[in-house]
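Peer 1: Need a 3D model of the following:
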Amino acid sequence: MRVDLHCAVRWRIQAWSGWVAAALVLFGGRALAQTQADRLYVGFSLMGGGALEAGRTRVEERRLLELRVPLPPLVLGGTYLLPSVGYETRRMGANVPRPGGAGEDEVDRRFHRIQLGLTLVRPVAPRWMLIAGVQGSTRTDFESSFDLALDTSWVTYVMASHQLGDTPGFAVSFGLVALWPFDGLPVIPLANVTYRRGPYVVEVGLPRLTLLRKLGDTVELGIVGALDVQVLRTRFAPEMQALDAHYLRELQVRAGPTVNVHLGSDLWLSSTVGLSLINDYALLDRQRDNLNIPGLKMGPTPYARMMLGWRPSPARKKARMSRPAP
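Peer 2: Residues are numbered from 1 along each chain as shown. Next up is the predicted model:
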């Protein structure tokens, strides 16, 4: 299989979780231990490579640099608007054997993604909260003509969150996520249980799992997991074009221990070293239907991630959120 990645349309199941998590954290009550995925942060990830089951194709190490910036919220009566912007650059490479065994071709591409999001949060009852939002992202390698339809993806979601009990910090959320473009289902149901009381944080659902416990005032230990799916528009060799292949889909399931360390002021350093348990690829046709070509699995690979994030104290966070919009 010879693949030349030149332009991409990418949606990640994990991508919209930051906006949803931000809403649940900001309005779900105080928590002593918290994740940083819903904060201002800069992160670097390194994922190992490996050989695919079919042929001699080898995927190289994948590097990811990301930046997320939550913008100041707007307060309109009892409705809160949470805007956010993100940037990401990702390097992907592979060594692909030539037909007849005459050497290999090296594929090396760097993709850039710019992401804008807006989340609406409105309490509708003493223990109920409505969350809705839209997120648009554009991804390209800037080496070919930009196509708005093919290089842009959209995610919209609506959720209801219900607080369990009289004390904030324990809630269940459920709703729907709509994706465009999509390669499977255009609408995906979601459910999430969040427990944030005392030194504990537990988030169980899709697209991520978080289990944290605070030790003192400067260290948090736990386990994190995530589901990551992306769909890339690709340029294939003639033999693959004959099969009507237009897209490459990558699916990853990652899990590993994590350590969060307070560096002072509002700065936290988060580090995770674990395994990408599932690394599956698939070829899709123009309608994003799977061509069901076997042998595109890579098996488990190691991964590491480091994040430097800004986490405001509960007092400053509450003061900022209560400030009315101009």
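Peer 1: Okay, and the nearest residue to residue 199 once chain neighbours are set aside sits in which element?
Peer 2: With sequence-adjacent residues excluded and distances taken as C-beta to C-beta, 6 or more residues apart in numbering, residue 199 is closest to residue 214, at 3.8 Å. Heads up, the C-betas are built off the backbone N, CA and C, glycines and all. Taking DSSP states H and E as the criterion, residue 214 maps to strand 208-215.
Peer 1: And for residue 279, the neighbour number?
Peer 2: By the other C-beta atoms under 10 Å criterion, the neighbourhood of residue 279 contains 25 residues.
Peer 1: Enumerate every residue touching the closest residue in space to it that isn't next to it in sequence.
Peer 2: Leaving out its chain neighbours, the residue that sits closest to residue 279 by C-beta to C-beta, 6+ apart is residue 298, at 4.0 Å. Contact criterion C-beta atoms under 8 Å, 6 or more residues apart in numbering gives 49-53, 59, 279-281 as the residues in contact with residue 298.
Peer 1: For residue 298, give me the pLDDT.
Peer 2: On pLDDT, residue 298 comes in at 90.
Peer 1: what helices or strands is the helix or strand where residue 106 lies leaning on?
Peer 2: Of the helices and strands defined by DSSP H and E, residue 106 is found in strand 104-125. Under the contact criterion of 3 or more C-beta pairs under 8 Å, 6 or more residues apart in numbering; DSSP states H and E, strand 104-125 touches strand 3-5, helix 17-27, strand 79-97, strand 128-140.
Peer 1: and these, which one is worst for confidence?
Peer 2: Mean pLDDT, when computed for each of the helices and strands packed on strand 104-125, is lowest for strand 3-5, at a mean of 43.
Peer 1: Could I get the full set of helices for the stretch 151-300 of the chain?
Peer 2: 238-241 (DSSP state H, counting those that start in this stretch).
Peer 1: which residues of it score low on pLDDT?
Peer 2: Across the stretch 151-300 of the chain, the ranges flagged by pLDDT under 70 are 183, 234-235, 237.
Peer 1: Buried residues in stretch 195-214, which are they?
Peer 2: Across stretch 195-214, burial judged by 16 or more other C-beta atoms under 10 Å covers 195-197, 200-203, 205-212, 214.
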